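**Q** no sequence on this one, just coordinates:
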């Protein structure tokens, strides 16, 4: 049985819609790691970074959100949430996965930390998101091309990851609720895997 180390107050909640879509919630043991235990030797032996989520599958440790998403979607590929390795859509799928895990997550974290704009500008060349306008432009341009999902007619794990990151950032007033996002988020808001997330309520009307 797989083991998922997580915390209900962490960004590890981003994984829950994927577990529901794959219908594997009962196929793994979920262990809650409280923050005071994350940097204790017992947990650091599993994940030296002392972070959650962290998945262990037959001794294989997968410790980053995007990696867990990709790993599980590929492991249960019969569910249809990941393009095959030779599918032309695989590139766009991976692009979205690692854009969320990299530039978008970095942007959200820096805004949450209230880093001064002058400091962001001073260090923009070393930041993966580069510039706020670049993040906004990329998201608006690419998401409005969803038809109705990011890769076309079928929902993928990338849709779940992107939708969760967007709705979190919008609800936290980090990202504006751009009109370009609305059709995609409305489509996602009615999926069973996301129906219990209150942040999506604004897109269910």
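**A** Received the coordinates, thanks. Computed from a predicted structure; not experimentally measured.

**Q** Now do the closest residue in space to residue 132 that isn't next to it in sequence, the pLDDT please.
**A** Residue nearest to residue 132 in three dimensions, not counting chain neighbours: residue 107, with 7.1 Å by Cβ to Cβ, 6 or more residues apart in numbering. From N, CA and C alone the C-beta is placed, and that goes for glycine too. Model confidence at residue 107, given as pLDDT, is 94.

**Q** measure residue 107 to residue 170 for me?
**A** As for residue 107, its distance to residue 170 is 13 Å (criterion: Cβ to Cβ, to the nearest Å).

**Q** So those two - more neighbours on which side?
**A** Just comparing residue 107 and residue 170: by other Cβ atoms under 10 Å the higher neighbour count belongs to residue 107, 24 against 18.

**Q** for the residue nearest to residue 132, what are its contacts?
**A** If a contact means Cβ atoms under 8 Å, 6 or more residues apart in numbering, then residue 107 has 129, 132, 135, 174 as its contacts.

**Q** and the last one, which of the three is it?
**A** This points to residue 174. Three-state assignment for residue 174 (DSSP: H, G, I helix; E, B strand; the rest coil): coil.

**Q** burial count for it?
**A** Residue 174 is flanked by 15 other residues according to other Cβ under 10 Å.

**Q** which residues are contacting stretch 192-205?
**A** Judged by Cβ under 8 Å, 6+ apart, the contacts made with stretch 192-205 from elsewhere in the structure are 16-18, 20-21, 160, 163-164, 167-168, 170-171, 177, 182, 185-186, 188-190.

**Q** Thanks a lot, catch you later.
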